[in-house]
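Q: got a predicted structure plus its sequence, pasted below:
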Amino acid sequence: MTEKLLEVRNLSKIFAPRFRINPLKKDSSVRAVDNVSFDIDRGETLALVGESGCGKSTTGRLVLRLLDASEGQVTFDGQNVNALSSSELRKLRSQMQIVFQDPFGSLSPRRTVEQIIAEPMAAFGITRRAEQRERITTLLQQVGLSPDDMRKYPRQFSGGQRQRIGIARAIALGPSFVVADEPVSALDVSVQAQIVNLMQDIQKQHRMAYLFISHDLAIVRHIADRVAVMYLGRIIEIGPKATVFSAPQHPYTQALLSAAPAIDPKKRARRIVLTGDVPSPSAIPSGCSFRTRCPLAQPICAQEQPPLKTVAAGQLTACHFAEPHPIKIQSSPTPLTTA
Amino acid sequence: MSAVAEKPARMDDNGLIVQLWAAIRREPITQFFLFILIIIMVVAAFADFIAPYNPVQQSLLRLNQMPSADHWLGTDHYGRDVLSRIIYGARNSLLIGIISPIIAAVVGTFLGVVAGYFGGWADRLISRVVDLLLAFPALLLGILVAAALGSGFWDMVAVLTVAFAPQFARIARASTLAMRSEPFVEAAVSCGVGPLRIIARHILPNISGSIVVVLTLWIATAIRLEATLSFLGLGTQAPNPSWGNIIRDGLNNIFGSSWPIIAAGAAITLTVLAFNMVGDAVRDVLDPETRDD
């Protein structure tokens, strides 16, 4: 049974300088997120992958309206998130939460674990100390910490433990959707696995949906149901994990996957090495934004921006040369109309 | 000042008072000035009991006397005891010099936090007014406001508050902007915590350090500015003594007796120096990054 929880349509974010200092100079506004659309079902994990600076985190914040979108619409559980007043939005925050990348910065150094986890509860009217305590005890046990840790300060914990505290805070109100903004990239590899497994366990118990932002393909392969690949603010390929990983259609996705290390030398794909640097997001190439580094680029790529088109069940690719391919996955959960 | 550098700031481990005391204990000079400061404050507070004479009591029989056993710092051209005038003057100078920066800190911090946290038109309005006030030198601003308001005690406080509040507003705004982008503040927003609670719980506790540092350093400036305004005749009015108008009076009579000028000048210098030294120690503890050694 699938039920759509989140619907993102044509979401864009433009960071424009307030004043143009030199009127002769080119417009320096940055299109951090450009026309992004995707859906997430209840209990599903959509992984958002891409290089640093491609707009993954901005997308996550736009979806939660921690940032206001320039264009586009986010519909969460039937509510238009962009149209909510600030008090309505605050009420919705119990349903959508975020786990941050930085386990050190995201916990206030001056507050105890108890105060940190109690904060969202107090904001939603759970103010009785005893009730808070009881819930915090359960939450700490759920994330693998001891209830005695309640009185400690964040600095007394390791990175992984701090991230567990962050997760406890995020799930304190039982949200149905959590944006995980590179939740493990700041952690040691050995701890990464523990945290990812913890997040999966919690997801199963609460039937939460994740927007899992990451640049680590190994972790994405482990946790995701579907994968969206971003390049310079646009989603260039999206689809079920199995198809995207086994039959990537966009040359950028292919290059990304070929760069991920594989333990078995026989399974190692021939490495596609991209030339050049990622263009500045304030000067995105015309047409297909990837054309400046694409091994397949043709004149048409500079003229027309390739739309996302269906290449297999549930898999969409934004490339002029992507062809429908025969891999069959039974019924795509949400056929996504192209933007 | 190097003593604090040996140990990294351990703001989270000990209470502020404990740390401050530790920092002061490591610096004998700071200890000395703290001691001076305490003495000045005690003298100002208990002026009624300590001052040997009535500071406004004139005596034609004792004009322009040199220091003696009866009058430790001599007398002025009205025959008033200089030591008593300095002691009572400390009360005016210190009260105005301490109260006005505190009020300025409260008002300025409020405006700065509002501007920094909410942004938009509130920020634009507050920032422009602050810029406007900052464009005037504090002394000129003081003269303007004093001319408009008058020169009573609370008028002086108001003058200095207007002169100093923009400084606090600017710092509070900048610190708030920095705090606003801290992940733990974003976390609180994402948890549905309201803006007032975020300001009270996350912003204010984290910017209070830099505000207190600025406060301690501005007290010295406030004492100086009050003295300057009184010297110019815009501050505390005769016959009530303040260090500034003692110098003003003394200057008119410099060939009769130079003791009032010397004594009041020394009092101002010592107090300003003491506040600056202690302020430096406070800054080293609360705001180790701005240390300039």
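A: Nice, I can see it.
Q: next secondary structure after the longest helix seen in chain A?
A: The longest helix of chain A (DSSP state H) is helix A:189-206. Later in the chain than helix A:189-206, the nearest helix or strand by DSSP states H and E is strand A:209-214.
Q: average pLDDT for that next one, rounded please.
A: The pLDDT scores in strand A:209-214 average 95.
Q: just to revisit the earlier point, residues making contact with the longest helix of chain A?
A: A:43, A:45, A:99, A:142-144, A:158-160, A:163-164, A:167, A:171, A:174, A:176, A:180, A:183-184, A:187, A:208, A:210, A:216, A:219, A:222-223 (C-beta atoms under 8 Å, 6 or more residues apart in numbering or on different chains). C-beta here means a position set from N, CA and C on the backbone, and glycine is covered the same way.
Q: now the helix or strand containing A:I238: buried residues?
A: Assigned by DSSP H and E, A:I238 belongs to strand A:234-240. Residues A:R234, A:I235, A:I236, A:E237, A:I238, A:G239, A:P240 are the ones in strand A:234-240 that count as buried (16 or more other C-beta atoms under 10 Å in any protein chain shown).
Q: buried only: go through the contacts of helix A:189-206 for me.
A: With neighbours counted by 16+ other C-beta under 10 Å, those contain buried members at A:43, A:45, A:99, A:142-144, A:159-160, A:163-164, A:167, A:171, A:176, A:180, A:183-184, A:187, A:208, A:210, A:216, A:219, A:223.
Q: out of the residues you listed, who's near chain B?
A: With C-beta under 8 Å from any C-beta of the partner chain as the criterion, the buried ones among the contacts of helix A:189-206 include none near chain B.
Q: now intersect those with the helices, please.
A: A:Q142, A:G159, A:G160, A:Q163, A:R164, A:I167, A:I219, A:I223.
Q: wait, the fifth one sits on A:V143?
A: It stands for A:R164. Yes: the criterion here is C-beta atoms under 8 Å, and A:R164 meets it with A:V143 at 4.2 Å.
Q: which parts of the stretch 101-250 of chain B sit against chain A?
A: Counting by C-beta under 8 Å from any C-beta, the stretch 101-250 of chain B comes close to chain A at B:182-184, B:186-194, B:197, B:201-202, B:205-206.
Q: show me where chain A has helices.
A: Taking DSSP H, the helices of chain A run over residues A:56-63, A:86-92, A:113-123, A:129-142, A:159-170, A:189-206, A:217-223, A:241-246, A:251-259, A:299-303.
Q: where in the stretch 151-300 of chain A is pLDDT low?
A: Applying pLDDT under 70 to the stretch 151-300 of chain A flags the ranges A:262-269.
Q: where does it get nearest to chain B, residue-wise?
A: Chain B sits closest to A:R155 of the stretch 151-300 of chain A, with a gap of 6.0 Å, by C-beta to the nearest C-beta.
Q: pull the number of nearby residues for that residue.
A: 11 (other C-beta atoms under 10 Å in any protein chain shown).
Q: cool, and B:D70?
A: B:D70: 12 surrounding residues under other C-beta under 10 Å.
Q: make sure it is indeed in a strand.
A: No: assignment of B:D70 by DSSP: H, G, I helix; E, B strand; the rest coil gives coil, placing it outside any strand.
Q: how many other residues sit next to A:P261?
A: By other C-beta under 10 Å, the residues close to A:P261 number 7.
Q: what sits against the nearest residue to A:R65 once chain neighbours are set aside?
A: Once flanking residues are discounted, A:R65 sits nearest to A:V81: 5.3 Å by C-beta to C-beta, 6 or more residues apart in numbering or on different chains. A:V81 is in contact with A:V63, A:R65, A:Q73, A:V74, A:T75, A:L89, A:L92, counting by C-beta under 8 Å, 6+ apart.
Q: mind checking which of those residues are buried?
A: Judged by 16+ other C-beta under 10 Å, buried ones among those: A:V63, A:R65, A:V74, A:T75, A:L89, A:L92.
Q: among those, which pair sits farthest apart?
A: Distances among the buried ones among the contacts of A:V81 were taken as C-beta to C-beta; the most separated pair is A:T75 and A:L89, at 13.7 Å.
Q: average model confidence for stretch A:54-68?
A: On average, stretch A:54-68 scores 92.
Q: check stretch B:20-31 too.
A: Over the span of stretch B:20-31, the pLDDT mean works out to 83.
Q: CA-only coordinates of it, as PDB, when you get a sec.
A: Extracted in PDB, the C-alpha atoms of stretch B:20-31 (Å, rounded to 0.1, in the frame of the first residue of the first chain):
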ATOM      1  CA  LEU B  20      36.800  35.400  36.000                       C
ATOM      2  CA  TRP B  21      38.200  35.100  39.500                       C
ATOM      3  CA  ALA B  22      40.800  32.600  38.200                       C
ATOM      4  CA  ALA B  23      41.800  35.000  35.400                       C
ATOM      5  CA  ILE B  24      42.100  37.900  37.800                       C
ATOM      6  CA  ARG B  25      44.100  35.900  40.300                       C
ATOM      7  CA  ARG B  26      46.700  35.200  37.600                       C
ATOM      8  CA  GLU B  27      47.200  38.900  36.900                       C
ATOM      9  CA  PRO B  28      48.500  40.900  39.900                       C
ATOM     10  CA  ILE B  29      47.900  44.200  38.000                       C
ATOM     11  CA  THR B  30      44.300  43.300  37.400                       C
ATOM     12  CA  GLN B  31      44.000  42.300  41.100                       C
END
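Q: buried residues, that stretch. List them.
A: So for stretch B:20-31, counting by 16+ other C-beta under 10 Å, buried means B:L20, B:A23, B:I24, B:R26, B:E27, B:T30.
Q: next, format those as JSON lines and append distance to chain A.
A: Compiled in JSON lines, those are given as follows (distance: C-beta to the nearest C-beta, whole Å):
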{"residue": "B:L20", "distance to chain A": "17"}
{"residue": "B:A23", "distance to chain A": "20"}
{"residue": "B:I24", "distance to chain A": "23"}
{"residue": "B:R26", "distance to chain A": "24"}
{"residue": "B:E27", "distance to chain A": "27"}
{"residue": "B:T30", "distance to chain A": "27"}
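Q: what about residue 282, neighbour count?
A: Answering for chain A, as no chain was given. The local packing of A:S282 (other C-beta under 10 Å) involves 14 other residues.
Q: my question was about chain B
A: Using other C-beta under 10 Å, B:V282 has 21 neighbouring residues.
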